[in-house]
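Asks: The following comprises the amino acid sequence and a computationally predicted model.
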Amino acid sequence: MKTISLNIRSFKIRGKYYVVGWCRRLIVKENPSFVALQETKLHLVDLYWIQSLWGMSNYNFIQKEMVGKSGGQLLILDTIAFDAIDVILSDFYIGIKGVWRSSGIGLNIINVYGPHDDTNKQILWDSLHNLVDSSDEAWLLCVDFNEVRNQGKRLNCDFIEYRALKFNELIANSSLIEIPLGGRNFTRVSDDGIKFSKLDSFLVNHRFVDMWKDLTALALDRIFDVWLDDEEADTIISDAWRLQVSNINRKDCVFRNKMKNVKNALKVWSNNKFNKLDTEIGELKKAATIFEIKAELGPLNWPDLKHWRETRKHWIDKERIKRNMVKQNVRARWDVEGSSLEDLSFPTLSIDEANALEAELSRGCNASFVTLIPKKIDALGLGDFLPISLIGSYYKIISKILSNRLRKNIPSLIDS
């Protein structure tokens, strides 16, 4: 059984779900039975959004939306491995009670994101103690209490001893065991690279240990969620668009071939520009990690701290370039809003061109694939699925161009 627990610190960056792609790749790679996410900073999401994150249809989930501009929790489970029976809801945690299918033993999963103030911390710890003490079944708690058990789990930031004592009392009184977290010494570092803390942990009871005796936990490497636009891509797209294509009478086929030119040019450009990028990122990451490990052992002197910050900045810049290589540039360029396509010097449609667009599209220009999307959990019958057609960017661009052109003429077509 494998579980992923992450403090996302918001799925949205500048209004876009950039972190979703990283989480999806991690989930697909690790194939976990459970995923516990804290600080999603999301309102309630639907089945389709969850499936896009999980990547498969065998899932169930429970969620708690953010309050104000903070919080939000999500717990996703593999329905093949785990049979959910009941849900657990609280102000500071969500959970699912069920049965581990391979053994038939009761198993309960809790996803916790703790408050910052003393009063609510005590309410949370009392509630968790009563919850775990109410059943002798196996318990797994994926927790971010915003608190640590001892001073060794904080560096260059405040350690409040009486809070740590209360935290340890909860673990002792509830007969819980903290799984030792391997990997890095700390799971969170401040943006200035000075303050470190280890707030994330897995807590289990003895019944859980009896089921899975060889328990290990590993802290993931830190990532930077950064994006930018590369102006060079605009030139690559413009030059490729202006290339001559074979003499074809059908205008839609000409458009299709121009799109192929753009696609091929972007592939060549990205390979030439970024073939050494992974190596550069690896070297910068290694250098930053050396300074970070050194900082965990004691305060850095000013030259080292300055070098560390510069290294982290270069690392972030390279990550920005890598993550924006082709996908984001193409998406931004072909958004077809306002004058974005006019920058590429599109000519005005002639009568013949307009008639060609109104005519039937040539064979191969509008291919699509039909897939079935489940409308509910554990969909079985045909009526439980929604068929949709997956179409290529070619048709989407034509549709967007036509809608934008029509939008300009709507006022003259509609009587006020």
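Replies: Thanks, I have it. Fair warning: this is a prediction, and the values are worked out from it, not measured in the lab. Numbers count the residues shown, from 1 in each chain.
Asks: shouldn't Ala164 be in contact with Glu147?
Replies: Yes - counting by Cβ atoms under 8 Å, Glu147 is a contact partner of Ala164 at 7.1 Å. No exception for glycine: its C-beta is placed from N, CA and C like everyone else's.
Asks: Those two: which has the busier surroundings?
Replies: Between Ala164 and Glu147, counting by other Cβ atoms under 10 Å, Glu147 is the more crowded of the two (23 against 17).
Asks: correct me, but that one touches Lys121?
Replies: Yes - between Glu147 and Lys121 there is a contact under Cβ under 8 Å: 6.8 Å.
Asks: Okay, strands next: where are they in the stretch 101-250 of the chain?
Replies: For the stretch 101-250 of the chain, the strands defined by DSSP state E, counting those that start in this stretch cover 105-113, 138-144, 154-155, 176-178, 181-182, 188-189, 196-197, 200-205, 217-218.
Asks: follow-up on the earlier one: list the residues that are in contact with both of Glu147 and Lys121.
Replies: The contact sets of Glu147 and Lys121 overlap at 114, 163 (Cβ atoms under 8 Å, 6 or more residues apart in numbering).
Asks: any common contacting residues for Ala164 and Glu147?
Replies: With Cβ under 8 Å, 6+ apart, Ala164 and Glu147 have no common neighbours.
Asks: Give me the domain ranges for this structure.
Replies: Following automatic domain parsing, one finds the domains of the chain at 3-218, 231-409.
Asks: and these, which is most packed in?
Replies: Among the domains of the chain, domain 3-218 has the highest mean neighbour count (mean count of other Cβ atoms under 10 Å), at a mean of 16.
Asks: now do the same end-to-end measure for it.
Replies: 11 Å (Cα to Cα, to the nearest Å).
Asks: what is the mean pLDDT for it?
Replies: Per-residue pLDDT values over domain 3-218 give a mean of 85.
Asks: before we move on, the earlier item: nearest to Ala379, out of the strands of the stretch 101-250 of the chain?
Replies: Among the strands of the stretch 101-250 of the chain, the nearest to Ala379 by Cβ to Cβ is strand 105-113 (23.4 Å).
Asks: just the angle between that closest one and strand 200-205, please?
Replies: If you take axes from the mean of the first three to the mean of the last three Cα atoms, to 10 degrees, strand 105-113 sits at 150 degrees to strand 200-205.
Asks: Where do the helices of the stretch 251-400 of the chain begin and end?
Replies: Ranges of helices in the stretch 251-400 of the chain, per DSSP state H, counting those that start in this stretch, are 251-274, 277-297, 302-323, 327-333, 351-358, 393-413.
Asks: What helices and strands are in contact with the second one?
Replies: When contacts are defined as 3 or more Cβ pairs under 8 Å, 6 or more residues apart in numbering; DSSP states H and E, helix 277-297 packs onto helix 302-323.
Asks: For Met66, which of the strands of the stretch 101-250 of the chain is the nearest?
Replies: For the strands of the stretch 101-250 of the chain, proximity to Met66 was assessed by Cβ to Cβ; strand 105-113 is nearest, at 10.4 Å.
Asks: Just the CA atoms of that closest one, as CSV, please.
Replies: The C-alpha trace of strand 105-113 is given here as CSV (Å, rounded to 0.1, in the frame of the first residue of the first chain):
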residue,chain,number,x,y,z
ILE,A,105,-9.5,-5.7,7.7
GLY,A,106,-11.1,-2.4,8.7
LEU,A,107,-8.9,0.6,7.7
ASN,A,108,-9.5,4.3,8.4
ILE,A,109,-7.7,7.1,6.6
ILE,A,110,-7.6,10.7,8.0
ASN,A,111,-6.3,13.8,6.2
VAL,A,112,-5.4,16.6,8.7
TYR,A,113,-4.5,20.2,8.3
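Asks: Can you list the strands that it pairs with?
Replies: Its sheet considered, strand 105-113 pairs with strand 93-100 (antiparallel), strand 138-144 (parallel) by DSSP bridges.
Asks: Export these to CSV and append columns for distance to Asn156.
Replies: Converted to CSV, those look like this (distance: least, Cβ to Cβ, whole Å):
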stretch, distance to Asn156
strand 93-100, 29
strand 138-144, 20
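Asks: Of all those strands, which one comes closest to Val262?
Replies: For Val262, the closest of those is strand 138-144, at 44.5 Å, according to Cβ to Cβ.
Asks: List of residues touching that closest one?
Replies: For strand 138-144, contacts defined as Cβ under 8 Å, 6+ apart pick out 3, 5, 7, 34, 36, 38-39, 100, 105-114, 128, 132, 176, 199-205, 207-208, 210-211.
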